[in-house]
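Student: fold the stuff below for me.
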Amino acid sequence: MGFPGTWMTESESVVYRVVPKCACSSIGQIMFYSDHGRFFDGDIHDSTAGLHKWSQDESQKPIEANVKAHRSYAFTCVRNPYARILSSFFDKIAGIQRNGKRYRGALVPQLIQKYGIDVGSPENGFDFDQVASFRRFLLFARDTIRWRRPMEPDIHWSAMSGHIATFIVNGGRYDHIFFTEKFDEGMQVVLNNIQTRHPVDLKAVPKFNESEGHGPKRAHPVSAYFDDLSRHLVWEIYRKDFQLFKYDFDNPDNKMPVGEIDLDEVHVKLGD
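Tutor: Numbers count the residues shown, from 1 in each chain. From the prediction side, this is the model:
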């Protein structure tokens with residue numbers, strides 16, 4: 001299986017396991033800058049040179065050799081599960097993608113037909129019942145994860161623990177896992193532990209958000225989207241994420257972690 005979703009600087013200064021919807025654009029750009037002294041011109045997910053990625057055939061041998069020998073500092077980043085699944089909905093389901101089209105082509109029409117989801121359109125100012133549509137999307141997300149129908153689960157809403165586990169199961173070990181909600185603090189820990197070709201000043205790094213500005217804005221507080229049934233579904237899908245990464249299940253409006261991540265616990269529980 002190797003190390004899917006793993007990026008590494010060309011200088012091999014650092015290794016990162018991507019978790020979608022967890023500041024991966026910013027992290028990738030910082031890694032790119034640390035080697036080249038400039039940011040990638042465009043979405044870092046579209047780069048095909050300047051950064052090793054498991055999805056690039058020529059990068060697989062260097063990544064595998066590095067990770068299995070633990071030659072470089074390895075890290076990843078997590079996010080509150082409530083906020084992450086909401087972000088996935090507004091970006092991937094309700095939003096228009098960078099290419100001007102809907103995400104995954106026929107996916108949104110399929111959701112409209114099978115789950116009764118309405119996501120509006122740019123023409124009507126994305127005017128739709130956000131709460132009702134999100135809750136129906138959550139049913140769909142649960143169906144993809146629990147029963148793998150009507151499709152395989154998408155990387156943007158499958159559990160963080162699943163992404164993070166592949167790195168451990170295949171022979172990797174994390175040195176650091178930090179919170180999106182404490183991004184500068186967590187990323188600074190990474191930078192303090194590696195040697196970069198170009199110094200990185202996090203305060204001077206622009207915000208990289210590939211989902212910004214092409215869809216509806218969230219109209220309500222996080223808790224408004226999660227009734228009792230929705231929270232039951234969230235627990236069913238993301239129980240490990242809440243437990244291992246110390247987020248507050250009881251209060252959806254509290255985006256901050258309520259404890260520190262125990263790296264040993266993560267490796268034991270995700271290493272099976």
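
Student: which residue packs closest to residue 185, ignoring adjacent ones?
Tutor: Sequence neighbours aside, residue 178 is the residue nearest to residue 185 in space, at 7.3 Å (criterion: Cβ to Cβ, 6 or more residues apart in numbering). (Each C-beta comes from the backbone N, C-alpha and C, glycine too.)

Student: so the one you found belongs to a strand, correct?
Tutor: Yes: per DSSP: H, G, I helix; E, B strand; the rest coil, residue 178 lies within a strand segment.

Student: residues contacting it?
Tutor: Neighbouring residues of residue 178 by Cβ atoms under 8 Å, 6 or more residues apart in numbering: 75, 77-78, 185-187, 189-190, 261.

Student: kindly report the same for residue 11.
Tutor: Residues near residue 11 by Cβ under 8 Å, 6+ apart: 34-35, 196-197.

Student: picking that back up, and which of the contacts of residue 178 is nearest residue 96?
Tutor: Nearest to residue 96 among the contacts of residue 178 is residue 77, at 26.0 Å by Cβ to Cβ.

Student: so who does the residue nearest to the closest one when sequence neighbours are not counted touch?
Tutor: Distances taken as Cβ to Cβ, 6+ apart put residue 22 closest to residue 77, at 4.7 Å, once the chain neighbours are dropped. By Cβ under 8 Å, 6+ apart, the residues touching residue 22 are 76-79, 84, 160, 180.

Student: would you list those residues in TSV and tack on pLDDT, neighbour count and distance to residue 104?
Tutor: Shown next, in TSV, are those (pLDDT from 0 to 100; neighbours: other Cβ atoms under 10 Å; distance: Cβ to Cβ, whole Å):
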residue	pLDDT	neighbour count	distance to residue 104
76	98	25	25
77	98	25	24
78	98	27	24
79	98	24	22
84	97	24	18
160	98	24	21
180	97	22	24
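
Student: of these, closest to residue 123?
Tutor: Nearest to residue 123 out of the contacts of residue 22 is residue 84 (Cβ to Cβ; 28.6 Å).

Student: doesn't that closest one belong to a helix?
Tutor: Yes: using three-state DSSP, the assignment for residue 84 is a helix.

Student: hey, which strand is longest across this protein?
Tutor: In the chain, ranked by residue count with DSSP state E as the criterion, the top strand is strand 73-78.

Student: for that strand, C-alpha coordinates in PDB please.
Tutor: What follows is strand 73-78, C-alpha atoms only, in PDB (Å, rounded to 0.1, in the frame of the first residue of the first chain):
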ATOM      1  CA  TYR A  73      10.800  14.700  11.100                       C
ATOM      2  CA  ALA A  74       7.200  13.500  10.300                       C
ATOM      3  CA  PHE A  75       4.000  15.300  11.200                       C
ATOM      4  CA  THR A  76       0.400  15.800  10.400                       C
ATOM      5  CA  CYS A  77      -2.400  18.200  11.300                       C
ATOM      6  CA  VAL A  78      -6.000  17.600  12.500                       C
END
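
Student: so what does it touch, helix or strand wise?
Tutor: Packing partners of strand 73-78 (3 or more Cβ pairs under 8 Å, 6 or more residues apart in numbering; DSSP states H and E): strand 14-17, helix 160-169, strand 176-179, helix 183-192.

Student: for that strand, which strands pair with it and how are they oriented?
Tutor: Strand 73-78 has these partner strands in its sheet, going by DSSP bridges: strand 14-17 (parallel), strand 176-179 (parallel).

Student: so which of those strands is the most packed in?
Tutor: Mean neighbour count (mean count of other Cβ atoms under 10 Å) peaks for strand 14-17 among the strands paired with strand 73-78, with a mean of 26.

Student: just how off-centre is the helix or strand just after it within its chain?
Tutor: Where DSSP states H and E defines the elements, the next helix or strand beyond strand 14-17 is helix 24-36. Put simply, helix 24-36 sits 15 Å off its chain's centre (Cα atoms, centre = their mean, to the nearest Å).

Student: contacts for helix 24-36, please.
Tutor: Residues from elsewhere that reach helix 24-36 (Cβ under 8 Å, 6+ apart): 7, 9-11, 13-14, 16, 18, 38-40, 43-45, 47, 50-51, 77, 183, 187, 191, 194, 196-198, 200, 202, 205, 207-210.

Student: I'm done for today, thanks for sticking with me.
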